[in-house]
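S.K.: Sequence plus predicted model, see below.
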Amino acid sequence: MLPYARALNTLRKLESDFQAAARNDDRIFACKLATLEACGWIEESFDLVFYKFSLRRISSLSAQSDLRTMVNKNFGFHFDKHIRKNILTPLLGCILAEVFESKLDAALLIPMKASLGTLKLERDKLAHTYTKGVTPNINSPTVTIGHFNTVRQGLGDFETKLLSARLKI
């Protein structure tokens, strides 16, 4: 979390300003500013805690980047809505996913990822096209069967390891 002494000193100064204010508008201003200062410190502190945790527990640079994006898009600190749902659950899920993926057979995982990417591109290209009168450039069934078998083998390892997983953070 962020150092709190400066924030607390600012809040105490605003409390003093509130007590000394002669006009109601000045008291309202001190109240509003105190709330905004406290909330700003709270929100930035949560962000910093998540950043520190992710740097220690997430090895993937892309996952760290995803977390930074998640935190930067999060504007609030209601626990269930902003902290738990928007950041904590995806963060812990990412860590568990990394732990789980490290248990998979890389000789199956890497080709499976490549085949999934290839098949997704092919599927997207073919899913919403009208090919009458056009000679399409489509992978042969043999190529597709090769990708299918690669994914099937990787998926088998994935299923076995996921169903038997005892994941710990």
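M.R.: Looks like it arrived, so ask away. Numbers count the residues shown, from 1 in each chain.

S.K.: for the chain, what are the low-confidence residue spans?
M.R.: Applying pLDDT under 70 to the chain picks out residues 130-135, 167-169.

S.K.: And the helices in it, which stretches?
M.R.: Remark: helices assigned in the chain by DSSP state H are 5-20, 24-57, 61-73, 89-103, 106-127, 141-163.

S.K.: got the angle between the fifth one and helix 89-103?
M.R.: When you say that, I think you mean helix 106-127. Counting by axes from the mean of the first three to the mean of the last three CA atoms, to 10 degrees, helix 106-127 lies at 120 degrees to helix 89-103.

S.K.: Which neighbouring elements make contact with helix 106-127?
M.R.: In terms of contacts (3 or more CB pairs under 8 Å, 6 or more residues apart in numbering; DSSP states H and E), helix 106-127 is packed against helix 141-163. (C-beta placed from N, C-alpha, C; glycine too.)

S.K.: before we move on, the earlier item: any idea which of the helices of the chain gets closest to residue 83?
M.R.: Checking these against residue 83 by CB to CB gives helix 24-57 as the closest, at 6.2 Å.

S.K.: Who are the packing partners of the closest one?
M.R.: Looks like helix 24-57 contacts helix 5-20, helix 61-73, helix 89-103 (3+ CB pairs under 8 Å, 6+ apart).
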